[in-house]
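**Student:** Got a sequence here, can you model it:
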Amino acid sequence: MLTLKKSSEFQDVFKSGKWSSSDTLVIYSKKINSEVNKVGVAVSKKIGKSVVRNRLKRLAREAYRLNEEKLQKGFNIVIVYKNSVNPEELNFEKVEKELCKCLKKAGIFKENVD
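**Tutor:** Numbers count the residues shown, from 1 in each chain. The predicted structure is shown next:
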């Protein structure tokens with residue numbers, strides 16, 4: 001899994017990408033000329049201290065990694081947690097379910113995979 005690292009890469013996806021949302025996540029995606037997807041995760045400081053934010057990032061990255069083979073290729077994707085998220089209520093299953101819901105809304109899931 002390749003990651004978005006530069007602020008300019010994140011800003012490009014935010015400005016010219018499409019978005020879809022669920023209860024806890026917002027997904028921004030932009031089609032690129034590539035054979036792979038690049039993924040970035042953003043968590044606001046309003047959600048919690050660094051330990052909490054890093055845990056949420058790990059959950060999102062792992063949920064993406066486990067579903068990566070079901071996705072179309074050639075996208076830059078930014079996963080953003082909403083500020084209204086309560087970190088204590090989030091577990092891996094909920095994050096994975098929300099992420100899949102957003103990716104399906106965005107049309108990034110392959111059609112033949114359920």
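
**Student:** and the longest helix for this structure?
**Tutor:** helix 50-67 (DSSP state H).

**Student:** Could you look up the next helix or strand downstream of that helix?
**Tutor:** Going down the chain from helix 50-67, the next helix or strand is strand 75-81, by DSSP states H and E.

**Student:** All the helices of the chain, residue numbers only.
**Tutor:** 7-16, 50-67, 92-106.

**Student:** just checking, Val39 touches Met1?
**Tutor:** Yes - using Cβ atoms under 8 Å, Val39 and Met1 qualify as a contacting pair, with a distance of 6.1 Å. Where you see a C-beta, it was placed from the backbone N, CA and C, and this is true even at glycine.

**Student:** who touches both of those two?
**Tutor:** 61, 64 (Cβ atoms under 8 Å, 6 or more residues apart in numbering).

**Student:** Show me which of these two is the more surrounded one.
**Tutor:** Val39 (21 against 10; other Cβ atoms under 10 Å).

**Student:** give the contact list for the more buried one.
**Tutor:** Taking Cβ under 8 Å, 6+ apart as the definition, contacts of Val39 comprise 1-4, 61, 64, 76-79.

**Student:** Compare these and tell me which is most surrounded.
**Tutor:** Ile79 (25 neighbours).

**Student:** What is the lowest-mean-pLDDT helix or strand in the chain packed up against?
**Tutor:** Ranked by mean pLDDT, DSSP states H and E, the weakest helix or strand in the chain is strand 2-3, scoring a mean of 93. Here strand 2-3 touches strand 38-42, going by 3 or more Cβ pairs under 8 Å, 6 or more residues apart in numbering; DSSP states H and E.
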